[in-house]
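Trainee: I need the structure of the sequence given here:
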Amino acid sequence: TVSKDHDKESYFYSAGKPVHRTSYCAFLDVLGFSRRIQKSYQDGSKDALLESFHEVITESVGRIREEADDYSMLYFKTFSDNVLLAHPKISPDMESEFAFIMWSIKRYQLQMAIKGFFVRGGLSVDLLFMDENCIYGQALLEAYKLEQEVAINPVVVLCDKSMALTRYHLKFYPDDSAPQLRDVLKGPDGRYFLNYLTECIAEGDDQDSLNASLLMAHRIQVEQALKTYEEDPRVLAKFSWLASYHNHFCDAVSQLDGYDPPLKISAP
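Mentor: Below you'll find the predicted structure:
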């Protein structure tokens with residue numbers, strides 16, 4: 001929870017004037033959403049798409065709002081399919097801040113994905129200003145650049161500074177017990193990204209278990225995307241990557257209670 005020393009309403013102000021604060025900042029959007037909107041107006045599915053998207057975005061953003069209000073110094077803004085999250089530095093090492101914003105991103109990614117809306121984006125850490133009217137700063141520019149130029153696939157990637165902080169946080173834990181080892185993965189290009197399917201893991205007192213229904217819902221949506229875009233190699237490549245990620249996660253949790261081999265994607 002947030003220390004009483006931090007007033008969320010005025011944290012980005014000093015003596016009544018706006019100031020920069022070192023912050024995590026995430027810029028997220030839905031992969032190919034503009035294209036889907038345009039197509040829906042052509043094929044007559046515009047109302048169905050609107051209804052589906054409105055339902056899932058209302059639910060997902062509602063959860064973010066609850067977390068922002070109750071648990072942390074999390075700030076957020078939304079527009080269409082764009083979601084922007086920020087969490088200012090309130091501790092010397094910024095580990096708890098990373099956890100708060102990471103949990104919100106992962107939950108949002110999974111809830112959107114199981115309804116067929118796959119999220120990509122960038123997570124940066126740098127100087128930022130944010131209030132109810134304005135968001136401004138280097139952290140926003142970096143997060144947007146990551147989303148536009150680095151997050152080719154439906155994935156949320158970390159900036160260089162965020163990766164360095166993650167490596168630093170690993171030193172706080174003995175052996176392989178760091179939660180970051182499960183929550184953050186490294187792609188073939190060496191870039192870290194958030195392992196959002198860990199939201200399918202239910203932590204128990206004695207041992208973890210798997211929410212198989214959530215993972216199956218994800219499998220179904222990925223397979224549907226593979227069929228939808230099988231004639232479009234550029235887009236198909238993104239969902240082929242996602243299928244590989246899904247199966248990689250399945251392999252990683254295959255020993256948990258609730259796992260079943262049919263949860264893996266078998267499409268070529």
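
Trainee: Settle this for me: Ser91 is touching Phe100, isn't it.
Mentor: No: the criterion here is C-beta atoms under 8 Å, and Ser91 misses it with Phe100 at 10.7 Å. Placement of C-beta: from N, CA and C, glycine included.

Trainee: what about those two, which has more around it?
Mentor: Phe100 (21 against 10; other C-beta atoms under 10 Å).

Trainee: So for that one, what's the pLDDT?
Mentor: Per-residue pLDDT puts Phe100 at 91.

Trainee: Over to it. Which of the three states is it?
Mentor: helix (DSSP: H, G, I helix; E, B strand; the rest coil).

Trainee: how near is it to Thr58?
Mentor: 22 Å (C-beta to C-beta, to the nearest Å).

Trainee: low-confidence ranges in the stretch 151-268 of the chain?
Mentor: 267-268 (pLDDT under 70).

Trainee: Which parts of it are helices?
Mentor: 160-170, 180-183, 212-228, 233-252 (DSSP state H, counting those that start in this stretch).

Trainee: how about the ones you listed in TSV, adding distance to Asp81 and mean neighbour count?
Mentor: What follows is the helices of the stretch 151-268 of the chain, written out as TSV (distance: least, C-beta to C-beta, whole Å; neighbours: other C-beta atoms under 10 Å):
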stretch	distance to Asp81	mean neighbour count
helix 160-170	23	17
helix 180-183	24	16
helix 212-228	16	17
helix 233-252	16	17
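
Trainee: Strands of the chain, residue ranges please.
Mentor: Ranges of strands within the chain are 13-14, 17-18, 21-30, 75-79, 82-88, 119-130, 135-136, 156-158, 184-186, 192-194, 201-202, 209-210, based on DSSP state E.

Trainee: Which other helices and strands does the fourth one contact?
Mentor: Counting contacts by 3 or more C-beta pairs under 8 Å, 6 or more residues apart in numbering; DSSP states H and E, strand 75-79 is packed against helix 46-70, strand 82-88.

Trainee: Show me how far the shortest one is from its chain's centre.
Mentor: Right, strand 82-88. 11 Å (C-alpha atoms, centre = their mean, to the nearest Å).

Trainee: Neighbouring strands of it in the sheet, and parallel or not?
Mentor: As defined by DSSP bridges, the strand partners of strand 82-88 come to strand 21-30 (antiparallel), strand 75-79 (antiparallel).

Trainee: Out of these, flag the one nearest Cys200.
Mentor: Closest approach to Cys200 among the strands paired with strand 82-88 (C-beta to C-beta): strand 21-30, 19.4 Å.

Trainee: what's the angle between the closest one and helix 46-70?
Mentor: Angle of strand 21-30 versus helix 46-70, following axes from the mean of the first three to the mean of the last three C-alpha atoms, to 10 degrees, is 160 degrees.

Trainee: How about the contacts made by the spatially most central residue of the chain?
Mentor: For the chain, the residue nearest the mean C-alpha position is Ile105 (3.3 Å; C-alpha atoms, centre = their mean). Neighbouring residues of Ile105 by C-beta atoms under 8 Å, 6 or more residues apart in numbering: 26, 28, 85, 121, 123, 156, 194, 196.

Trainee: List just the nearest of those residues to Ala178.
Mentor: Of the contacts of Ile105, the one sitting nearest to Ala178 (C-beta to C-beta) turns out to be Leu194, at 15.0 Å.
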